[in-house]
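Enquirer: Please find the sequence and the predicted model below.
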Amino acid sequence: MNIILLGPPGAGKGTQAQKLVDSRKMVQLSTGDMLREARTSGTEMGQKVAAVMDAGNLVTDEIVIGLIREKLEAGGAEGGFIFDGFPRTLAQADALGDLLSEMGQTLDCAIELQVNDEILVERILGRAADAVAAGGTARADDNEESLKTRLMAYYKQTSPLIGYYHAKGDLKSVDGLASMDDVAASIKVALV
Ligand code: AMP
């Protein structure tokens, strides 16, 4: 089973992806995590995307499609893949469809986590504060200014994917404002 978790920053995609990894032995593919890893390891690509990410803008389709292609070609996901934070543009959605069909696979569904903006801002600024309180550092893009840009990127570039997957008959929407466990239960129902 291959699924997409769709929703704005702070909707809980990463949390729910982790739950699916634990319960269904699926493999989480988070382009955000891959890009942060590229930055930490100091690759040329990592350096190139740093400023774009910190400002809250999307990196190029070419880069993220390349990252996903590599992971899909590496295989090893008997339980299937969870795409977390990818695709974020229509071009990425088309590319994902092509990549999966090249591999003889299909997308089972795109799950939209529905939330509202006020909650997102609270959750993300809370995540930043928690990281600092735990003695770590907050994500460079978990600040109010970058968050505004990230939300705008979501509405302009990513939210059209909801219509795209709806038209394909692949969209399932769940209430992302419920508790973590209730959201997980709704996703379970959506995947039956
Ligand atoms: P995330 O961890 O999913 O919130 O992603 C953090 C940042 O990485 C985003 O704000 C973008 O700058 C970049 N990014 C992650 N995934 C993508 C994607 N699919 N397309 C373009 N940029 C992405």
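Expert: Good, I have the coordinates.
Enquirer: any chance you could read off phi and psi for Ala134?
Expert: According to degrees, to the nearest 10, the main-chain angles of Ala134 amount to phi -80, psi 10.
Enquirer: can you count the residues close to it?
Expert: Counted with other Cβ atoms under 10 Å, the neighbours of Ala134 add up to 8. C-beta coordinates here come from the backbone N, C-alpha and C atoms, glycine included.
Enquirer: Kindly report the same for the one 5 residues further on.
Expert: Using other Cβ under 10 Å, Arg139 is surrounded by 16 other residues.
Enquirer: For this structure, which residues are neighbours of the ligand?
Expert: Applying Cβ under 6 Å from any ligand atom, we find that the chain lies next to the ligand at 9, 31-32, 35, 52-53, 56-59, 64, 85-86, 88, 92, 141, 150.
Enquirer: Inside strands: which ones of those residues?
Expert: With DSSP state E as the criterion, strands contain none of these.
Enquirer: Could you tell me which of those count as buried?
Expert: Buried members of the residues of the chain next to the ligand, scored by 16 or more other Cβ atoms under 10 Å, are 9, 31-32, 35, 53, 56-59, 64, 85-86, 88, 92, 141, 150.
Enquirer: Give the other helices and strands that the worst-scoring helix or strand of the chain on mean pLDDT contacts.
Expert: Least confident helix or strand of the chain, by mean pLDDT, DSSP states H and E, is helix 117-133 with a mean of 90. Other elements packing on helix 117-133 under the criterion 3 or more Cβ pairs under 8 Å, 6 or more residues apart in numbering; DSSP states H and E are helix 144-153.
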